[in-house]
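*Asks:* Got a predicted model here, sequence first, then my questions.
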Amino acid sequence: MSSSYVPMVSPALLWLIAGAILCFSEAIFPVAFVAFMMGISAIVVAAIALVIPYFPLQVILWLSLSTVSIVGSRRFVPKQKSLNSRVGDAQEGETLTEIFPGKTGRVLYEGNSWQAICADHTILIAPHQKVYIVNRKGNTLVVLPEFLPCSLDE
């Protein structure tokens, strides 16, 4: 006489466990609060599951709550640095072509070729010279050479 007893776990408890796992996983593998918001939604659905026992509706509720909370939380999550602010971080590049006074040339910056102009419109910058990025105007970097030329008159 072998009867196997399989305990029935309530859907509310399953949602609660899933919510806790998702919230905990956000602490280990941060993904911009996505797992955390899905976990909070699962915990809310756990409470709702006590009243609404229909599992497919619970899944739809969880998906809806997760989507709304993830989209809603985006305004509180700091945005990635834009290219504009990254220009200020690295600040170094190398000229690929000559940059004539007041004209544009090409600069190698972060592994890409960029159009560049010298901030001082009277300076000629030779190719393969280290430059500092001081600004960005659209897709054009504003640069200065590593060593600024100086005249003997000064």
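*Replies:* Thanks, I have it.

*Asks:* Cross-check the contact I'm expecting between residue 53 and residue 15.
*Replies:* No. Between residue 53 and residue 15 there is no contact, the gap being 11.9 Å when judged by CB atoms under 8 Å. (Each C-beta comes from the backbone N, C-alpha and C, glycine too.)

*Asks:* and those two? which has more neighbours close in?
*Replies:* More crowded of residue 53 and residue 15, by other CB atoms under 10 Å: residue 15, with 25 against 11.

*Asks:* Find the nearest non-adjacent residue to that one, please.
*Replies:* In space, and not counting its chain neighbours, residue 15 is closest to residue 46: 3.6 Å by CB to CB, 6 or more residues apart in numbering.

*Asks:* Flag the helix or strand of this protein with the lowest per-element mean pLDDT.
*Replies:* The helix or strand of the chain with the lowest confidence, counting by mean pLDDT, DSSP states H and E, is helix 83-90 at a mean of 48.

*Asks:* which ones are touching residue 119?
*Replies:* 134, 135, 142, 143, 144 (CB atoms under 8 Å, 6 or more residues apart in numbering).

*Asks:* Got the confidence number for the nearest residue to residue 53 once chain neighbours are set aside?
*Replies:* Counting by CB to CB, 6+ apart, residue 53 lies nearest to residue 11, which is 6.9 Å off, once chain neighbours are set aside. According to the model's per-residue confidence, residue 11 sits at a pLDDT of 89.

*Asks:* One more: the one 5 residues further on?
*Replies:* Taken from the predicted model, the pLDDT recorded for residue 16 is 94.

*Asks:* what helices or strands is the one helix or strand residue 38 maps to leaning on?
*Replies:* For residue 38, the enclosing helix or strand under DSSP states H and E is helix 34-49. Using 3 or more CB pairs under 8 Å, 6 or more residues apart in numbering; DSSP states H and E, the elements in contact with helix 34-49 are helix 11-28, helix 55-73.

*Asks:* so can I have a markdown table of those showing distance to residue 126?
*Replies:* Shown next, in a markdown table, are these (distance: least, CB to CB, whole Å):
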| stretch | distance to residue 126 |
| --- | --- |
| helix 11-28 | 51 |
| helix 55-73 | 50 |
